[in-house]
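S.K.: Model the following, please.
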Amino acid sequence: MAVITRLDWQRVQMEVTCVSDCPLEALGLAKKGTKEIVRLSDVTVNGKEYSCVNNLAAMREETFLDNGSYYFVCLTEGIWNKCQVSTEVGYSLPEKTRVFRYCTNLYYAETVDFWIETDEKDKDLYLMMNHYFMKENKNWKVRNYAEAFEGKKKLKEWAHGVAVWGLNVVYNVLYALRKHDGKHILLMSETRPYLWGNLLAVDTELKNMGMDREYTVSYSFRKSVGESQGFASWLKLVGLLSKQDYVFVDDYTQIFNFLQLNPKTVLTQTWHAAVGFKEIG
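M.R.: This next block holds a predicted model:
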């Protein structure tokens with residue numbers, strides 16, 4: 001198993017360190033959805049550590065990478081495998097986003113950000129890099145205030161309002177019909193389809209204390225932020241929330257922008273990023 005333990009920048013130079021119990025033959029970037037692999041150059045070895053520094057502007061045959069998403073991979077016994085990522089690097093990924101501007105008039109821009117993809121079968125976390133090289137659109141249309149009130153948008157806003165009203169009605173009806181004995185706990189995330197981070201720590205502690213035998217612990221993990229979810233999915237989540245006495249979340253939770261929980265339900269946010277709350281609420 002190879003794990004990325006360090007990811008840093010020195011201007012346009014990307015510094016990567018990978019730790020592996022097995023000897024590695026090379027490090028690289030594998031473009032998602034293709035068989036293309038770009039080898040990272042100048043890899044140095046120090047015991048189990050493999051480190052390299054690569055110029056982002058000359059990674060692929062002395063030129064820029066193609067636009068797309070890339071896995072960090074390593075070559076072992078002739079086979080390319082995805083690299084996992086350490087917890088420390090995972091938590092620091094938002095700080096690693098970069099935008100590099102080129103030309104005297106800053107006409108071009110190279111953007112890089114990082115993400116973690118999970119394997120639903122074995123729960124491994126794989127490091128990914130999103131890379132896009134763009135140029136300024138000189139014909140960009142300046143939007144005006146009146147366009148925000150076009151008919152289609154009005155209809156969409158009306159439909160959204162009706163859906164929100166309906167979900168709140170369903171929640172309140174189901175809450176009134178169900179018995180609440182203070183013994184129901186829900187761990188949920190709307191940004192990751194798996195249990196990890198602070199919620200994993202809460203879940204582990206509940207089991208260590210034997211509270212999972214005294215309380216009914218439920219789980220809801222899906223990716224609704226940035227992705228479309230059907231009405232049935234929202235309805236299912238509302239039904240699950242109506243049963244709960246305690247709800248634990250660990251990140252931005254979209255549904256609570258419009259769903260009003262019963263005052264008797266205790267909602268606990270375990271996310272520690274105070275700066276994040278100031279930025280996005």
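
S.K.: Please count neighbours and contacts with C-alpha atoms only from this point.
M.R.: Fine.

S.K.: now the end-to-end length of stretch 230-248.
M.R.: For stretch 230-248, the first-to-last residue distance is 23 Å (Cα to Cα, to the nearest Å).

S.K.: ditto for stretch 36-51
M.R.: Stretch 36-51 has an end-to-end distance of 22 Å (criterion: Cα to Cα).

S.K.: ditto for stretch 29-46
M.R.: 21 Å.

S.K.: now swap in stretch 225-244 and tell me
M.R.: Stretch 225-244: ends 22 Å apart by Cα to Cα.

S.K.: How about it, which residues are buried there?
M.R.: Neighbour-count burial for stretch 225-244, with 16 or more other Cα atoms under 10 Å as criterion, is recorded at 234, 235, 237, 238, 239, 240, 241, 242, 243, 244.

S.K.: So which residues of the stretch 1-150 of the chain form helices?
M.R.: 87-92 (DSSP state H, counting those that start in this stretch).

S.K.: where does it have low pLDDT?
M.R.: Within the stretch 1-150 of the chain, the segments meeting pLDDT under 70 span 120, 122, 140-150.

S.K.: Just read off the phi/psi values of the residue lying closest to residue 58 once chain neighbours are set aside.
M.R.: Spatially, and ignoring its direct neighbours in sequence, residue 58 is nearest to residue 64 (5.5 Å; Cα to Cα, 6 or more residues apart in numbering). Per-residue torsions, residue 64: phi -70, psi 150 (degrees, to the nearest 10).

S.K.: if I look at residue 64, how far off is residue 223?
M.R.: 31 Å.

S.K.: from the middle of its chain, how far away would stretch 61-76 be?
M.R.: How far stretch 61-76 lies from its chain's middle: 20 Å, per Cα atoms, centre = their mean, to the nearest Å.

S.K.: ugh, typo on my part, it should be stretch 8-27
M.R.: Worked out by Cα atoms, centre = their mean, stretch 8-27 lies 22 Å from the chain centre.

S.K.: now the end-to-end length of that stretch.
M.R.: Per Cα to Cα, stretch 8-27 runs 16 Å from first to last residue.

S.K.: what's around the nearest residue to residue 52 once chain neighbours are set aside, how many residues?
M.R.: Excluding the flanking residues, the one nearest residue 52 by Cα to Cα, 6+ apart is residue 43, at 4.5 Å. Neighbour count for residue 43, taken as other Cα atoms under 10 Å: 17.

S.K.: doesn't residue 50 make contact with residue 43?
M.R.: Yes: Residue 43 lies in contact with residue 50 (Cα atoms under 8 Å); the separation is 6.4 Å.

S.K.: Name all residues that make contact with the closest residue to residue 28 other than its chain neighbours.
M.R.: Using Cα to Cα, 6+ apart and skipping the chain neighbours, the partner closest in space to residue 28 is residue 39 (4.1 Å). By Cα atoms under 8 Å, 6 or more residues apart in numbering, the residues touching residue 39 are 26, 27, 28, 29.

S.K.: So which of these is the closest to residue 159?
M.R.: Distance to residue 159, by Cα to Cα, is smallest for residue 29 among the contacts of residue 39, at 43.3 Å.

S.K.: separation between residue 9 and residue 232?
M.R.: Taking Cα to Cα, one finds residue 9 at 44 Å from residue 232.

S.K.: Helix or strand: which one has residue 259?
M.R.: Here residue 259 sits in a region with no helix or strand, counting by DSSP states H and E.

S.K.: Can you tell me the closest non-neighbouring residue to it?
M.R.: Counting by Cα to Cα, 6+ apart, the nearest residue to residue 259 once its immediate chain neighbours are dropped is residue 168, at 5.9 Å.

S.K.: swap in residue 88?
M.R.: residue 5 (7.5 Å).

S.K.: what's the pLDDT at residue 262?
M.R.: At residue 262, the predicted lDDT confidence score is 96.

S.K.: Among the buried residues of stretch 225-244, which ones are in helices?
M.R.: The helices, defined by DSSP state H, take in 234, 235, 237, 238, 239, 240, 241 from the buried residues of stretch 225-244.
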